[in-house]
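Chemist: compute the structure for the input listed below.
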Amino acid sequence: MTPPLPEAARGPAGRPLAAAAGATAAPRLHARVRGRGAPAEAARGRRGRAPLRPPSATGTCEARSVRPKQGWREARGRGGGAHGGLGGRRGPAPRRGVGVPRGRLRSGLRGVPGAAGGSAGAGSARGGLWPRLRSKSETGSVGKGKRAAPPRRGERGAPLRPGVPQTRAAGATTERPRRSCGCRRAEVPSDVIAAVTALGGPGVLAVRGCRQTAAGLEVQLRRCEAFRRLLGHPPGPGPAPLPGPEAAVVLHCPALRCPGSVRPRHLRPVLLADHLAQLLRAQGVSTFLVPAVTDKRSREVLQQLRVEWPSSSTPGPETVSALKQALSRCPYATHCERGSGVASQPEDIICKVHLKSFVEQQGLEGYDPNLGVLLVTEEKLRSLAELQQAVLQGTQAGCQESCCSVVHVVSCEEEFQQQQMDLLWRILDPGAHMDLQKHLVCGPVKVTKPVSPISADQYFQLRKRQMYDASVMKYGELAQDEAWTEVIDILTVAAIRFEMLSTAHRSQITLDLEDSSISTKGTKSGAFVMYNCARLATLFDTYQRAVERGTYPPLPPASELNFSCLREEGEWLLLFSYLLPFPEVLQQAAQLPPPSKGLRITANTEAVCKFLIQLSMDFSSYYNRVHILGEPFPHLFDQMFARLRLLGAVRDMFHSALATLHLPPLSQI
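Modeler: Got it, this is the predicted structure:
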């Protein structure tokens with residue numbers, strides 16, 4: 001077991017004396033790993049007093065004494081900025097009857113102030129991408145029990161004098177205790193402590209030490225070294241691609257085969273496939289998009305939305321002839337004879353295929369039970385030939401034939417028709433790649449109060465007009481300049497992409513076409529993300545002009561920067577919750593896990609948009625609170641240089657994430 005480390009002396013408001021005196025020593029950041037079940041008495045004070053809250057990363061341990069006859073009180077820690085003078089928020093309310101806060105019981109590795117409930121660790125909402133470190137007895141009774149029923153009058157734990165007014169301590173909440181479960185003191189296995197202490201490698205924060213507490217394991221991190229490790233060196237190669245069977249992926253979007261104009265419900269799977277293709281290419285996966293767009297109006301709509309889609313891919317006639325020969329030998333195909341009752345059938349029907357018999361004989365799962373007979377036409381065979389040609393290209397790009405998988409990105413309205421084509425392809429080409437077919441189904445797109453069915457081009461023009469009006473309202477006559485034309489176009493594309501992609505692909509999207517539905521001020525829109533990206537560009541442009549005038553010196557190399565000047569809570573939040581997990585966000589968004597049962601798969605296609613929205617909100621809060629370019633005094637340059645280095649990394653992260661959406665960063669708004 002690691003010997004316990006001495007507790008730092010604290011000054012007013014829970015700050016360490018060294019930090020309060022202006023020392024540059026690295027502050028200690030606390031993290032906890034829940035161990036074996038801790039009893040309620042372990043966190044409860046003596047003589048029935050209020051339980052003491054364990055030390056947290058954002059507040060000191062404070063509680064007030066309350067007599068038992070006045071009822072139980074559990075005091076909350078104040079956000080006094082312990083360990084390095086960082087201000088924080090109040091932690092979550094403690095669990096009923098247990099003196100350990102709920103946020104500390106559920107967290108895995110918490111070492112950062114400022115996330116959900118006052119810390120940003122492994123279990124936080126913003127940076128919860130690290131694997132949680134749990135002990136073997138995690139399923140113990142502490143923190144897992146149900147809420148106890150309020151005791152009746154006269155029972156243990158009930159107020160003895162309910163008529164007497166109950167005085168409340170500052171920041172305290174009224175809680176009644178539950179009986180002790182008789183468990184022993186929390187104890188983390190020694191192998192877990194050794195594993196945490198020995199953590200190392202790229203992207204792993206430097207661990208200063210560990211010690212046992214009543215709530216579990218407390219991990220101390222070296223904050224200054226964490227900044228130096230992530231910001232002090234040029235970015236190296238990204239993480240290795242996740243292991244998977246695919247060396248090439250064919251993304252098939254049947255919405256582009258629909259006759260007529262492209263509608264918003266067709267637009268969603270197209271934008272999703274385009275975003276997914278960029279994510280896969282960033283991970284080193286060869287990606288092919290099918291079908292080719294030959295319609296001129298559809299190509300113009302895709303160009304307006306900055307969608308890069310192939311426009312020419314004609315399968316050879318020999319491929320279609322080979323499919324016809326396979327169809328003539330197919331035992332599930334029968335010749336289609338025309339009679340008086342089938343005069344309305346298309347003239348290019350070749351035969352009909354009994355799909356249901358094939359599904360039952362092969363024992364396939366996940367297909368619609370209503371699949372029956374499919375009428376095979378020349379157009380369907382050309383579609384299969386185009387898919388076969390893309391798979392052949394993917395096979396040549398990969399190492400073996402089984403490396404190429406096919407993902408059908410379809411809307412829920414087109415899923416039935418795509419299952420028919422899926423089965424027809426399996427019947428005519430029973431190759432190894434048939435087992436790698438996956439269906440990524442998008443939810444419906446509902447348009448509120450449409451005067452008439454709206455096309456994708458009309459939808460784009462409507463959003464563009466709304467964005468122009470919102471920009472004129474905010475920026476006045478500046479937004480009417482010709483230079484704003486491209487800016488308005490980019491903001492419109494950003495608004496549409498975030499509107500379509502920030503929701504999980506299997507959920508429904510509701511498009512509000514009212515004029516008040518789009519704004520440049522909303523924190524959930526793509527325009528807000530682009531606005532914050534432009535703020536960073538303006539900041540560095542202002543600094544560069546000041547350097548040319550001689551106001552500021554040039555930014556020194558990273559090895560000469562003093563990262564101990566980064567003491568703000570927002571600075572640590574940007575590093576830990578965004579810069580550190582960003583490569584893993586891109587990695588997880590590009591994952592295409594095999595279906596557990598059936599055909600459908602689920603992907604985290606909304607992860608990048610949500611990441612950018614949350615990043616913009618936290619960066620905007622920090623940027624509005626902290627003055628980056630201060631007075632040109634030499635004693636202030638160290639802090640300014642460290643902050644510029646941090647925000648330079650944030651700017652590069654914005655650009656990399658927007659590139660997966662085909663959105664160019666704006667230099668100014």
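
Chemist: the stretch 201-350 of the chain: strands as residue ranges?
Modeler: With strands called from DSSP state E, counting those that start in this stretch, the stretch 201-350 of the chain shows them at 207-213, 216-222, 248-252, 286-290, 333-335, 349-354.

Chemist: so which of these gets nearest residue 649?
Modeler: With Cβ to Cβ, the closest approach to residue 649 among the strands of the stretch 201-350 of the chain belongs to strand 216-222: 18.6 Å. Where you see a C-beta, it was placed from the backbone N, CA and C, and this is true even at glycine.

Chemist: now for the closest one, which elements pack on it?
Modeler: strand 28-29, strand 32-34, helix 190-197, strand 207-213 (3 or more Cβ pairs under 8 Å, 6 or more residues apart in numbering; DSSP states H and E).

Chemist: could you identify which of these is most buried?
Modeler: Mean neighbour counts were compared across the helices and strands packed on strand 216-222 using mean count of other Cβ atoms under 10 Å; the top stretch is strand 32-34, at a mean of 28.

Chemist: one step back: what's the closest of the strands of the stretch 201-350 of the chain to residue 276?
Modeler: strand 248-252 (6.4 Å).

Chemist: list the buried residues in the helix or strand hosting residue 544.
Modeler: Here residue 544 is covered by helix 526-549, with elements defined by DSSP states H and E. By neighbour count on 16 or more other Cβ atoms under 10 Å, the buried set for helix 526-549 is 526-537, 539-540, 543.

Chemist: cool, stretch 465-482 as well?
Modeler: 466-468, 470-471, 479.

Chemist: among the residues you listed, which one sits closest to residue 656?
Modeler: Nearest to residue 656 among the buried residues of stretch 465-482, with distances taken as Cβ to Cβ, is residue 467, at 24.5 Å.

Chemist: for that closest one, give me phi and psi.
Modeler: phi -70, psi -40 (degrees, to the nearest 10).

Chemist: save the buried residues of stretch 465-482 as JSON lines, and put in distance to residue 487 too.
Modeler: Listed next are these as JSON lines, based on distance: Cβ to Cβ, whole Å:
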{"residue": "466", "distance to residue 487": "15"}
{"residue": "467", "distance to residue 487": "9"}
{"residue": "468", "distance to residue 487": "10"}
{"residue": "470", "distance to residue 487": "12"}
{"residue": "471", "distance to residue 487": "8"}
{"residue": "479", "distance to residue 487": "8"}
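
Chemist: out of these, which are inside helices?
Modeler: 466-468, 470-471 (DSSP state H).

Chemist: which other helices and strands contact the helix or strand following the helix holding residue 544?
Modeler: Next along the chain after helix 526-549, taking DSSP H and E as the criterion, comes helix 569-574. Helix 569-574 is packed against helix 607-625, helix 637-659, with contacts defined by 3+ Cβ pairs under 8 Å, 6+ apart.

Chemist: could you give the angle of the next helix or strand after helix 569-574 to helix 607-625?
Modeler: Elements were assigned by DSSP H and E; along the chain past helix 569-574, the next helix or strand is helix 582-589. Helix 582-589 runs at 150 degrees relative to helix 607-625, counting by axes from the mean of the first three to the mean of the last three Cα atoms, to 10 degrees.

Chemist: next, the angle helix 637-659 makes with helix 582-589.
Modeler: Using the same axes, to 10 degrees: helix 582-589 against helix 637-659 is 10 degrees.

Chemist: need the helices and strands packed on strand 216-222 in TSV (columns: distance to residue 403 and mean pLDDT).
Modeler: Converted to TSV, these look like this (distance: least, Cβ to Cβ, whole Å; pLDDT from 0 to 100):
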stretch	distance to residue 403	mean pLDDT
strand 28-29	44	40
strand 32-34	40	40
helix 190-197	35	85
strand 207-213	39	84
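
Chemist: how near is residue 659 to residue 307?
Modeler: For residue 659, the distance to residue 307 equals 14 Å [Cβ to Cβ, to the nearest Å].

Chemist: who has more neighbours, the two?
Modeler: residue 307 (21 against 13; other Cβ atoms under 10 Å).

Chemist: from what I see, the more buried one and residue 274 are in contact.
Modeler: Yes - here residue 307 reaches residue 274: they are 4.8 Å apart, a contact under Cβ atoms under 8 Å.

Chemist: shared neighbours, those two?
Modeler: Counting by Cβ atoms under 8 Å, 6 or more residues apart in numbering, the shared contacts of residue 307 and residue 274 are residue 662.

Chemist: what's the burial count for the spatially closest residue to residue 644 that is not a sequence neighbour?
Modeler: Closest residue in space to residue 644, ignoring its immediate chain neighbours: residue 555 at 5.9 Å, by Cβ to Cβ, 6 or more residues apart in numbering. Other residues near residue 555 come to 18 when the count uses other Cβ under 10 Å.

Chemist: how about the one 5 residues further on?
Modeler: Residues lying near residue 560 (other Cβ under 10 Å) number 10.

Chemist: pLDDT score assigned to it?
Modeler: Listed pLDDT for residue 560 reads 91.

Chemist: low-confidence ranges, the stretch 151-300 of the chain, go.
Modeler: Residues of the stretch 151-300 of the chain meeting the criterion pLDDT under 70: 151-186, 202-203, 233-246.
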